[in-house]
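[1] Fold the following and give me the result.
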Amino acid sequence: MFVFVFLLIYGKIIEMKNIVILGIDYEYNIHIAELLTKSLDMYFLDVNHYLSYSLFSRSEMLAKCGLEYLNRQENLVVKSCADFENTIMCIPYNNFFREEIYKNFLEKSYIIYLYFSKEKLQEKQCSSNDLGVDLLVFDDRNNKINNICNKKICIGNKKDNTVINEILNLRGEYEC
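    Prediction:
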């Protein structure tokens, strides 16, 4: 059963979906999501931290039970996030697309892809090794996210406020 969350804007009740922020730069996604939660009065969920909280000893679980068991447990936790309400979520790419978990989010969430070009990724990787994205897998990941997202926003060299405003301008799209 799907329960809509209602948001009061300008004296009018509006049904609200969850928002999932995806992109290559996970830390940037978290940063934007945290800023966005303040503007929309929504909850924030970093699914990677939620996994660490829910499965408090993932390394021990991996050592004692194996990778297959750990993956099954992680899948259950990530799937449960699809039932959250009034939440902006950042979900790591590998968890979101493993065993087609993303399908649980399609109906109940508005998925925003914060992207930049492959060239911009190369520039960022030259200046920092923090992204952890292999250029060889960029095209595949980019295509997968493109195929399921509701909206793409090119971040390029935009300031945070510009990205936030672009998302806020989508209000009619992620409100039911």
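
[2] Pass me the low-pLDDT residue ranges in the protein, would you?
    1-16, 122, 124-134, 172-176 (pLDDT under 70).

[3] ranges for the helices of it?
    Assigned by DSSP state H, the chain shows helices spanning 26-40, 47-54, 58-65, 67-81, 93-97, 103-106, 118-127, 135-148, 160-168, 171-174.

[4] Check which helices and strands the fifth one sits against.
    Here helix 93-97 touches strand 18-23, helix 47-54, helix 67-81, helix 135-148, going by 3 or more Cβ pairs under 8 Å, 6 or more residues apart in numbering; DSSP states H and E. For the C-beta atoms, the positions are set from N, CA and C on the backbone; glycine is no exception.

[5] hey, which of the ones you listed is tucked in deepest?
    strand 18-23 (a mean of 25; mean count of other Cβ atoms under 10 Å).

[6] quick check: angle from that strand to helix 135-148?
    In terms of direction (axes from the mean of the first three to the mean of the last three Cα atoms, to 10 degrees), strand 18-23 departs from helix 135-148 by 150 degrees.

[7] what's in contact with strand 18-23?
    Residues from elsewhere that reach strand 18-23, judged by Cβ atoms under 8 Å, 6 or more residues apart in numbering: 29, 32-33, 36, 40, 42, 82, 84-91, 93, 96, 105, 108-115, 145, 149, 155, 167, 174.
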